[in-house]
Structures are given as structure tokens and as C-alpha cells.
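# dropping the sequence and predicted coords here.
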Amino acid sequence: MDDRNMESGCSHYNDVESDHSKCIIHVDIDCFYAQVEMVRNPELRSVPLGIQQKNIIVTSNYEARKYGVQKCMLVTDAFKVCPNLKLVNGEDLHNYRTASNKVFVVLQSWKCPVEKLGMDENFIDVTNLVQEKLKTTNNTNVNLAGQTYKEPSMDCPCGCHTRLRISSQIASEMRKKIYDDLSFTTCAGIAHNKLLAKLICPYNKPNNQTTIYPEHGTSFMSTLQSVRSIPSIGPKMTETLISQNIITVSDLQEVSVDVLKKHFSSDMAVRLKGLSLGEDNTPVKQTGKPQSIGLEDSFKIVSVKSEVEDKFSALLQRLLVLVREDGRIPVSLRVTLRKKDAKRLSSHRESRQSQVSPSIFILSNGSLTVTEAGQQKLMNIIMRLFNKLIDLSKPFHLTLVGLAFTKFQERMTGRGSIVNYLMNDISVQSVLNLQNECDTSATSMDYSAVSPSSSTTTDLSDAEVEPSPKKPKKVTWIAKRRCLSKEEVASPSKLKVGELRLNSKELEKVSELRLNSRDRSLTPRASPAKDNMSDTSDNMKECEERNCDDCPSYVDKEVFSALPDEMQKELKAMWKNPSGSGVPRSSPRTTNKPKPNTIMKYFVPHK
DNA sequence: CAGGGCATCT
DNA sequence: AGATGCC
């Protein structure tokens, strides 16, 4: 028997050994864009309001919905059903982003992992918080807040009913705080996994919340008609499933995993079947800074190189602003384009990427800048990548170009970490030029960079809220690093702060973290980027490697030996095991069957 | 249709 | 690198 049952598993009727131990809340802001506009201009509250992008209504307030103004409706059609519809242009997403980040910050004050999904949705894993509450109050007689999908028919021996009721109280507090602080009404779904939390969330709309108990997971899922309504089943999978006559969630529940394995990877087959039954063990991953920052521009057609260059130049200018706001130093750049192709209507993008020298980016007065020469260097890299993608001896026709920075230098900020130690000597920091991905474990309760007290005072007139600086990645050491010039190594102490790969905001953060006495576990572990170690980038060639037995080439031996013994030891240990032992990926699929030949535009389930 | 921007998996 | 998915 599975020993999960000893702890938190339940075994009752057709739910033999599922794990109910987690408590997940999904929070969804009601008609998000419309609410942002209504908060900005309260007069809009009492009138039917539509948010317009191009020629469509992307969302509407509930006043407008009374008239039948729906999402994704053409503006002309909307006026037909609601002649006095008030329109607000929503093409500039800046205000929405700001508001979205504020909600995210509010949710973080509960000190649980928060995962942002788009602008208006968040998952919160409150499992630990619930456990703590249970310990201190020991009261299993808790009232449910909000609605339930269905009352439970029996007690679950694992205690999940109590935990979910406590979760519903927490969800209610969260929604209240979002409303009190930011004036947004929200919906919430409470369940023992992300799938059910998300799907049950809109069950009582708007401005309400719904809890679903594990025993109703499977039956609830079967009320969803189309397999498409399961998150992670997109158009492609839907098409494949339908070609096999698997159309409803019920169909999927009844099909055997073996049949699914004929069309999907083994992992996916198992996962799909699980999802159809309301099972989902994917963790809530703390959202941090993005792993890439990019922009793209689509257009009818571009066939001239100089035009392409202009497009990229414009994109680069905009992108550099975003990167400056982000604060991290990019080390890799990707160029994407889409060729005009009659066969493939859309998508089919191609891309090439290469490293960029971090020295292009200069930190002065705490903000990232790139000199004219630096920008020219970037343009050179971009056009070189472009040449890899396009044979200029032949005509070309593009419909999209894109630019993205995809890897960043990061600094480890854990208390007691090497970097933290090094912060005491800024010159040493610059010499080592540490490049790693920072962070704490996703299940850790440590989000000290965002304090709850500061978040209670947010209001919409504030400047843009910076999202959590945390990344749900553990410490990773990357082999390729910037080499140092002789001058830099020779007199590290002469370096000006402005030249350091560290801005003032981050220094501030580091000192905050130092003050925070809570311990962090910064256990190194498998690097997801380990494959990139073999990257050989053309433009890094100038970096001649100096060999050193104990330490990597990017660290000057002299500087290294000048460090305290303890630190040398710590560094050596990490160099020995740069990325931990890679977790081998589960074996690739043996049976990947050809795609179905059915051409399915949309699947519209019958009621 | 509307598509931009990000993550994840292979 | 590319495909797929999500909002």
C-alpha cells in the first residue's frame, strides 16, 4: 500500500489513494481590465463599459454584460445589443500590469508561494499556513467561507475538509484585502489541487468564492463538456483527442491510459487521464522575475534588409527600457522571425540566439545603460543572427520580427551566502563577477523582499510595483562567465560602484536580507541550464580562458588566494559541483504516433 | 478574429 | 530550436 495514505492520503470509494494534503487557492479578478478602468474613473461604474482593443471588446463590466456584451465581441456587434455602451481603449497594458502587480504583492503578504497566471489570476499554496493555523488553534470546527460546489457526503479521514474550510477563510481574507486596498472584486476557487481550484473558481461569479471537496473532483470534471476546458489541453491536443473520438471530459475519463499513449508521451498520457479525473499534482511555483524579456512586432510584409534593421533597432530601443526596469544584466539575446508562408497560416517562427557580453551594459547611479557603441554592438549581433536565419542572396518575406533577452546575470542574495559575504567588499564582488541564478526554494516561506506592512498601504497612484525579485530556482553556477581584463583584476579596489554589476536597489535589498535573520536554505541542485554549458558563442571568443587548477578561468588566481580560507573552501566546493547532479529526464516517448489528419478549427461543445 | 509575451516540454 | 499552451 502507498504510504501516502498514512499521512494525508484518503481512501474511500472510487478515490482510492489520492493525496488531499494540499490547500490551493485560485484568485481571479472579475473582468479585470474593466475594473481597472472603473477604479481610475468611478463614473464608469454605473454605465455599461467595454474595453476595446483594435476592433473588438476584450472585456466588459457587468453592467454591459446585462445587455449581452460578451468577451471578444466585435465593437459593431456590441453596439447593436447595447447602443449606449461606453468604450475605453485598452491597448496600452501599462496600467493593467501595474494593477496586476499590486494584487500579486497583496497576495504575497500571506507568506505563501504565489504563482501569477497572466494578469488577473493567481494561485496560492496555503498548505503550510493552514497547518500552522491547525496547530495553534486545534479547532477542527471551522466554518466555510463562501460557497461550496457540493456539501461533502462523508467525512474524509485525512482531515482535508477542515483544511479546505480553513483555506476558504484565508481566501475570504485575501479577497477582502484586495478589495479594501485596491477596490477590485475577485472570485476564488479553493481545492486540494490547482486544477480544481482554477476550474471551480468561476462557479459563483462574480465577487464570490467556491470550495470543492476532493470527493467531488471526478464528478465535477465530468460536468465539463469539452476536453478543451481542461487547462493545458489546447487546440492541438483537442484536435488529436477528437480525432480519437474523445470529445468530452467524460470520454477522457473512460479511455485507458494505453490508448492515450498511442498519441501522447507516456507522461502526458498519464497526466491527461489524471486531469480528467480531477487529479493534478503540479506545484504552485513562486513567480519571480521573468526568464526572458522580449518584444515582437508583426506586420503585413517586410522584404528589405534595411527595413528589417529599422524594425530591430526600434525593438531594441524599447527592449532596453524594459531591461533597465528589470535591473538584471542580460547575457543572451535571441532574434525571432516569421517568414511569410502560404502553407502555414501562422506561428512557424524561427529563432537564433547568442551570448552577449555583459560588459555592454553599464550600471551607473543604479540604472542600466548602454552606450551608443554598445547599442551598435547589439545591432551587430542582431543582424548577424538575422543573417543566420535568412539567405540574403534570395528574396525574403517576413511577417514578424522579435527580440528577446533570454538569460541574465543574477546574484545570490541568501544570508550567509558567498555573495552576501562579498557584498561587504564591493571590489571583490566585481572581480568575481558572480553569475548565477538566485534563490530560495519554492516551498520556503521566505519572501522578505516584500513586506506585508508596505503592501497594506499601496494605492493605485503609486509607482509601478516591482514584482518579487525571487525566482523559484535554486542556486546554479554556470560555467561560462565573463572574463576580466587585466586592469580589472589588477586593481579591483579602484573600480567605481557605477561599473559594478549590481545596482543600488539590489544593494539595498541585500542589506535588508542581511538584517532579516530568518535562515535560508540555498542548497545547490540540478541545473536546468546545464545543457547550456556547451554553448559556444562567437562573440565571447575574445574571452581567453586562463587555466587554474582549483578555480575556474574567470577567477583570477591571485584574487582568489587573497580571499579568506573559509570562502575559498566554499567556492571550491561549489566549483567542484557546479550544478549538482543533473536529474535525468524521464525516458523519451517510444510511441509517438503520427498526427491525426482531421482538420478541426474549433470545437464547440453542445450543451 | 487579436496577438503580444511569457513558460514549459521535448 | 521549435512546438504548444495560457491569458
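Perfect, thanks for sending it.
# can you confirm A:Leu333 is in a strand?
Yes. Judged by DSSP: H, G, I helix; E, B strand; the rest coil, A:Leu333 forms part of a strand.
# I'd say it and A:Gln353 touch.
Yes. A:Leu333 lies in contact with A:Gln353 (Cβ atoms under 8 Å); the separation is 6.3 Å. Quick note: C-beta positions are derived from backbone N, CA and C, even for glycine.
# more neighbours: those two, which one.
Taking neighbours as other Cβ atoms under 10 Å, A:Leu333 and A:Gln353 compare with A:Leu333 leading, 24 against 19.
# quick one: neighbours of the closest residue to the more buried one other than its chain neighbours, just the number.
Leaving aside its chain neighbours, A:Leu333 sits nearest to A:Val356 (4.9 Å; criterion: Cβ to Cβ, 6 or more residues apart in numbering). Neighbourhood size, A:Val356 [other Cβ under 10 Å]: 23.
# pull the contacting residues for A:Val356.
For A:Val356, the contact set (Cβ atoms under 8 Å, 6 or more residues apart in numbering) comprises A:Pro330, A:Val331, A:Ser332, A:Leu333, A:Lys377, A:Leu378, A:Ile381, A:Asn539.
# which parts of the particular helix or strand that has A:Asn128 in it are buried?
Assigned by DSSP states H and E, A:Asn128 falls within helix A:127-137. The neighbour-count check on helix A:127-137 (16 or more other Cβ atoms under 10 Å) flags A:Thr127, A:Asn128, A:Leu129, A:Val130, A:Lys133, A:Leu134 as buried.
# closest one to A:Phe361 out of the residues you listed, please.
Closest approach to A:Phe361 among these (Cβ to Cβ): A:Asn128, at 38.4 Å.
# for A:Ser60, list each beta-bridge partner.
A:Gly50 (DSSP bridges).
# from the buried residues of helix A:127-137, pick the one nearest A:Leu392.
Taking the buried residues of helix A:127-137 together and measuring to A:Leu392 by Cβ to Cβ, the closest member is A:Thr127, at 56.2 Å.
# if I look at the closest one, how far off is A:Ile25?
Distance of A:Thr127 to A:Ile25, computed by Cβ to Cβ, to the nearest Å: 10 Å.
# check A:Gln317 too.
Applying Cβ to Cβ, the value for A:Gln317 to A:Ile25 is 40 Å.
# for chain A, which residues are neighbours of DNA strand B?
Within chain A, the positions near DNA strand B by Cβ under 7 Å from any atom of the strand are A:53-56, A:58, A:72, A:118, A:265, A:267-268, A:285, A:290-298, A:322, A:400, A:402, A:404, A:585-586, A:588-589, A:602.
# of those, select the buried ones using a ChimeraX command.
With 16+ other Cβ under 10 Å as the criterion, this ChimeraX line picks the buried residues out of the residues of chain A next to DNA strand B:
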select /A:53,56,58,265,285,290,293,294,295,400,402,404
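# now A:Gly278, what are its backbone angles?
When read as degrees, to the nearest 10, the backbone of A:Gly278 gives phi 90, psi 20.
# neighbours of the residue lying closest to it once chain neighbours are set aside, how many?
Residue nearest to A:Gly278 in three dimensions, not counting chain neighbours: A:Gly217, with 2.8 Å by Cβ to Cβ, 6+ apart. Counted by other Cβ under 10 Å, the residues lying close to A:Gly217 total 25.
# can you name the helix or strand that A:Gly217 falls in?
In this structure, A:Gly217 sits in helix A:217-222 according to DSSP H and E.
# what's the answer for A:Val323, then?
Assigning secondary structure by DSSP H and E places A:Val323 in helix A:305-326.
# does anything pack onto that helix? Which helices or strands?
strand A:293-302, strand A:367-370, helix A:372-389, strand A:398-409 (3 or more Cβ pairs under 8 Å, 6 or more residues apart in numbering; DSSP states H and E).
# partners of the shortest one in the sheet?
In the sheet containing strand A:367-370, the strands it pairs with under DSSP bridges are strand A:361-364 (antiparallel).
# coming back round to it: neighbour-wise, which of A:Gln317 and A:Ile25 wins?
The neighbour count for A:Gln317 versus A:Ile25, taken as other Cβ under 10 Å, is higher for A:Ile25 (31 against 12).
# bridge partners for the more buried one, pull those for me.
Counting by DSSP bridges, A:Ile25 forms beta bridges with A:Ile124, A:Ile190.
# does it touch A:Gln169 like I think?
No. Using Cβ under 8 Å, A:Ile25 is not in contact with A:Gln169; the gap is 10.6 Å.
# find the closest residue to DNA strand C in the stretch 151-300 of chain A.
A:Gly234 (2.4 Å; Cβ to the nearest atom of the strand).
# list the residues that contact that residue.
Contacts of A:Gly234 (Cβ under 8 Å, 6+ apart): A:Arg228.
# for it, phi and psi?
With angles defined as degrees, to the nearest 10, A:Gly234 sits at phi -100, psi -160.
# what's the separation between it and A:Ile56?
In terms of Cβ to Cβ, A:Gly234 sits 21 Å off from A:Ile56.
# mind picking out the helix or strand in chain A with the poorest mean pLDDT?
None of the helices or strands of chain A scores lower by mean pLDDT, DSSP states H and E than helix A:486-490, at a mean of 24.
# okay, now the unreliable bits of chain A?
Filtered on pLDDT under 70, chain A yields the residue ranges A:1-17, A:342-347, A:410-607.
# hmm, 50 instead?
Scanning chain A with the threshold set as pLDDT under 50 gives A:1-9, A:11-13, A:412-607.
# does A:Ile190 touch A:Ser168 like I think?
Yes. A:Ile190 is within contact range of A:Ser168, at 5.0 Å (criterion: Cβ under 8 Å).
# more crowded one of those two?
For A:Ile190 versus A:Ser168, neighbours defined as other Cβ under 10 Å are more numerous around A:Ile190 (36 against 24).
# taking the stretch 101-250 of chain A, what residue is nearest to DNA strand B?
Residue of the stretch 101-250 of chain A nearest DNA strand B, by Cβ to the nearest atom of the strand: A:Gly118 (6.4 Å).
# circling back: can you redo the buried residues of helix A:127-137 as a markdown table with distance to DNA strand C?
A markdown table is the format used below for the buried residues of helix A:127-137 (distance: Cβ to the nearest atom of the strand, whole Å):
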| residue | distance to DNA strand C |
| --- | --- |
| A:Thr127 | 22 |
| A:Asn128 | 25 |
| A:Leu129 | 24 |
| A:Val130 | 25 |
| A:Lys133 | 29 |
| A:Leu134 | 31 |
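# and of these, the nearest to A:Leu144?
Distance to A:Leu144, by Cβ to Cβ, is smallest for A:Val130 among the buried residues of helix A:127-137, at 13.4 Å.
# ok, the closest one - contacts?
Counting by Cβ under 8 Å, 6+ apart, A:Val130 has contacts A:Cys23, A:Arg163, A:Ile166, A:Ser167, A:Ile170.
# can you list phi and psi of the second one for me?
When you say that, I think you mean A:Arg163. Backbone geometry at A:Arg163, expressed as degrees, to the nearest 10, gives phi -60, psi -40.
# how many residues are close by it?
Residues near A:Arg163, counting by other Cβ under 10 Å, number 26.
# does it touch A:Leu129 like I think?
No. Taking contacts as Cβ under 8 Å, A:Arg163 lies outside contact range of A:Leu129: 10.3 Å.
# can you list residues touching both of these two?
A:Cys23.
# up against DNA strand C, what does the stretch 501-607 of chain A have?
Residues of the stretch 501-607 of chain A lying near DNA strand C (Cβ under 7 Å from any atom of the strand): none found.
# right, and the helix or strand after the helix or strand hosting A:Ala78?
A:Ala78 belongs to helix A:75-81 when assigned by DSSP H and E. Sequence-wise, the next helix or strand downstream of helix A:75-81 (DSSP H and E) is strand A:86-89.
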